[in-house]
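how does the following fold in three dimensions:
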Amino acid sequence: MRIAVTGSIATDHLMTFPGKFTDQLIADKLDKVSLSFLVDELAIRRGGVAANIAFGLGVLGLRPLLVGAVGADFEDYRQWLEDHGVNTGGVRESMLRHTARFVCTTDADGNQIGSFYAGAMSEDADIKLAPLAEEHGGIDLVLIGAGDPGAMVVHTDECRDAGLKFAADPSQQLARILDDEQVRALVDGADYLFGNEYEEALIERKSGWGTADMLARVGIRITTLGSAGARIEQQGEPPFTVPAVPDAEPVDPTGSGDAFRSGFLAAVAWGLSLERAAQLGNLLAVHALEATGPQEYNLKPGPLADRFAAAYGDAAAAEVAAYLPV
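Next up, the predicted model:
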């Protein structure tokens with residue numbers, strides 16, 4: 001199964017603040033916030049939603065096609081992704097702008113404040129999916145991740161026009177997408193819709209579609225629940241929740257949601273059940289959570305299968321282990 005992943009490709013500048021953001025907020029002064037946080041650490045990592053998801057799919061052996069625009073400063077990053085199983089043939093180099101940049105500070109409670117510079121990502125809409133599909137032997141599923149809002153709409157329309165299956169994952173860009181009609185356009189007809197609990201509520205509010213209406217318009221809705229795991233819903237079937245991997249040791253939450261999507265889509269590509277897909281998604285999310293940076297985790301088939309078995313049982317682990325790269 002050939003999966004194309006669109007969305008942001010960025011460099012992450014990740015900082016840690018030893019206190020709590022909430023301790024610095026004054027309730028009756030929130031309209032005049034002026035804060036500076038003295039941070040303890042700075043880590044510069046490779047990131048971006050599309051690149052993170054493609055990385056996870058790549059290390060699981062799927063050879064995904066990454067689609068997005070970057071700057072001339074991308075060459076080392078390109079080699080890193082190629083070395084980890086990602087096809088960068090869908091990446092376009094901008095002649096004018098730098099690769100996008102995410103600057104984020106995480107506090108002692110795991111809360112985050114971030115800023116995102118779009119840079120070359122603003123040219124994503126210039127990349128057309130149909131020629132890429134023809135050039136690379138077809139595309140079976142397109143994940144439309146958070147990136148340039150206009151490009152997200154363009155790529156979604158392309159998928160509908162070409163009859164390509166797509167997964168909608170607007171996530172962080174929901175705050176930027178102010179047009180309710182745009183939100184409806186991004187999710188209507190999606191084979192898969194990803195989001196966390198807050199994003200799920202925001203999508204419903206902005207679209208005007210409640211749960212029943214939403215499930216009538218998308219194939220499968222996957223909602224990540226943090227330490228509570230993930231919930232799977234589809235029309236005509238009872239929803240179910242897959243518990244998270246126990247005994248996680250959080251280090252940095254950045255990219256854990258992207259890793260979940262990698263694991264989930266890998267299992268879908270292998271033809272496994274939705275339960276197995278959510279379980280593998282949870283397992284990859286924990287690997288990202290326990291590393292500093294969204295692409296700094298290592299996956300080794302033996303330890304991965306062992307941890308899967310400890311969390312979900314030997315039979316479940318055996319199903320997944322059969323597809324893990326050697």
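
for the nearest residue to Ala266 once chain neighbours are set aside, what are its contacts?
Distance criterion Cβ to Cβ, 6 or more residues apart in numbering; nearest residue to Ala266, sequence neighbours excluded, is Leu60 at 4.4 Å. Every residue, glycine included, has its C-beta placed from N, CA and C. Leu60 sits next to Gly85, Ser262, Gly263, Ala266, Leu299, Leu324, Pro325 when contact means Cβ atoms under 8 Å, 6 or more residues apart in numbering.

ditto for Ser273
Ala267.

quick check: it vs Phe240, distance?
Ser273 sits 11 Å away from Phe240, going by Cβ to Cβ, to the nearest Å.

one more: His287?
Separation of His287 from Phe240 (Cβ to Cβ): 23 Å.

and these two? Which one has more around it.
His287 (24 against 12; other Cβ atoms under 10 Å).

got phi/psi on the more buried one?
The phi and psi values for His287, taken as degrees, to the nearest 10, are phi -60, psi -40.

same deal with Arg2?
The phi/psi pair for Arg2 (degrees, to the nearest 10) is phi -90, psi 120.

neighbours of it, how many?
Around Arg2 there are 17 other residues, counting by other Cβ under 10 Å.

my guess is it meets His136, correct?
Yes: contact criterion Cβ atoms under 8 Å: Arg2 and His136 qualify, at 7.0 Å.

now do the shared contacts for the two.
Here Arg2 and His136 have Leu65 as joint contacts, going by Cβ under 8 Å, 6+ apart.

drop anything exposed from the contacts of Leu60.
Neighbour-count burial (16 or more other Cβ atoms under 10 Å) is assigned, among the contacts of Leu60, to Gly85, Ser262, Gly263, Ala266, Leu299, Leu324.

got a list of what the third one touches?
By Cβ under 8 Å, 6+ apart, the residues touching Gly263 are Gly56, Leu60, Ala277, Leu280, Gly281, Asn282, Leu283, Leu284, Ala285.

most neighbours among those residues, which one is it?
Gly56 (34 neighbours).

can you give me how far the helix or strand hosting that one is from the chain middle?
Using DSSP states H and E, Gly56 falls within helix 49-59. For helix 49-59, the separation from the chain centroid amounts to 8 Å (computed by Cα atoms, centre = their mean, to the nearest Å).

do stretch 102-109 as well
Worked out by Cα atoms, centre = their mean, stretch 102-109 lies 18 Å from the chain centre.

show me the shaky parts of the stretch 201-326 of the chain.
Nowhere does the stretch 201-326 of the chain drop to pLDDT under 70.

how does it look with 80?
326 (pLDDT under 80).

hang on, the earlier thing: mind checking which of the contacts of Leu60 land in helices?
Ser262, Gly263, Ala266 (DSSP state H).

CSV please, covering those and showing distance to Val33.
Output for the ones in helices among the contacts of Leu60, formatted as CSV (distance: Cβ to Cβ, whole Å):
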residue, distance to Val33
Ser262, 35
Gly263, 37
Ala266, 41
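
all helices of the stretch 151-300 of the chain, in order?
Here the stretch 151-300 of the chain has its helices, by DSSP state H, counting those that start in this stretch, at 180-187, 197-207, 211-217, 256-269, 274-289.

so which of those helices is nearest Leu129?
Proximity to Leu129 (Cβ to Cβ) singles out helix 180-187 among the helices of the stretch 151-300 of the chain, at 15.1 Å.

show me the contact partners of that closest one.
144, 149, 152-153, 156-157, 168, 170, 174, 177, 193, 203, 206-209, 214, 217-218.

buried residues in that helix?
The neighbour-count check on helix 180-187 (16+ other Cβ under 10 Å) flags Gln182, Val183, Ala185, Leu186, Val187 as buried.

confidence-wise, which of the residues you listed comes last?
Least confident by pLDDT among the buried residues of helix 180-187: that is Gln182, with 87.

quick one: it from Leu193, how far?
Taken as Cβ to Cβ, the span from Gln182 to Leu193 is 15 Å.

related to what we said a few turns ago, let me have the helices of the stretch 151-300 of the chain in JSON lines, adding distance to Ala311 as columns.
Converted to JSON lines, those look like this (distance: least, Cβ to Cβ, whole Å):
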{"stretch": "helix 180-187", "distance to Ala311": "30"}
{"stretch": "helix 197-207", "distance to Ala311": "21"}
{"stretch": "helix 211-217", "distance to Ala311": "28"}
{"stretch": "helix 256-269", "distance to Ala311": "12"}
{"stretch": "helix 274-289", "distance to Ala311": "7"}
